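**Q** Build the 3D model from these lines:
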Amino acid sequence: MVSPLTNVSAGIPSSKVKYSKLSSTDDGHINCQFKKSPTNIPYKATACASLQFLTGVFPIITGCLLLSGYISKVGANRAFPVLTVGILVFLPRFYHPIIAYRACGGCQGYSYRAFLDCDD
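**A** Residues are numbered from 1 along each chain as shown. Below is the predicted model of the structure:
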């Protein structure tokens, strides 16, 4: 059975715990809590997002050129599937290169925390 005069979390008897009053000028804040930690740039996530972005842009451009008849006269039979694949690859990651560019430039409201952590 634990005595009521024992600090349960540390197992120290209360007679050995020393307390001191805080200074009257202390407002409860520590200066180091307001310092920004250094930002770790997620290179793998940035490279993956940029690669997926470019992989989506290529079929979109190819599909538009097919649809307009600039590449060949196949028309919509091949253009719409190519456009669909390009849009499906492009849409999930089109904003990540923008976020990386703005975070690198130091724009307010943009940080690398928006990227998924790819480090294993």
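**Q** where in this protein is pLDDT low?
**A** 1-17, 19-39, 116-120 (pLDDT under 70).
**Q** what are the ranges of the helices in it?
**A** For the chain, the helices defined by DSSP state H cover 43-68, 76-90, 96-105.
**Q** Report the angle between the last one and helix 43-68.
**A** This points to helix 96-105. Inter-element angle recorded for helix 96-105 and helix 43-68: 140 degrees (by axes from the mean of the first three to the mean of the last three C-alpha atoms, to 10 degrees).
**Q** buried set for helix 96-105?
**A** Of all the residues in helix 96-105, those buried under the rule 16 or more other C-beta atoms under 10 Å are 96, 99-100, 103. Every residue, glycine included, has its C-beta placed from N, CA and C.
**Q** Could you dump those residues into CSV with distance to Leu66 added?
**A** As requested, the buried residues of helix 96-105 are arranged in CSV below (distance: C-beta to C-beta, whole Å):
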residue, distance to Leu66
His96, 27
Ile99, 31
Ala100, 31
Ala103, 36
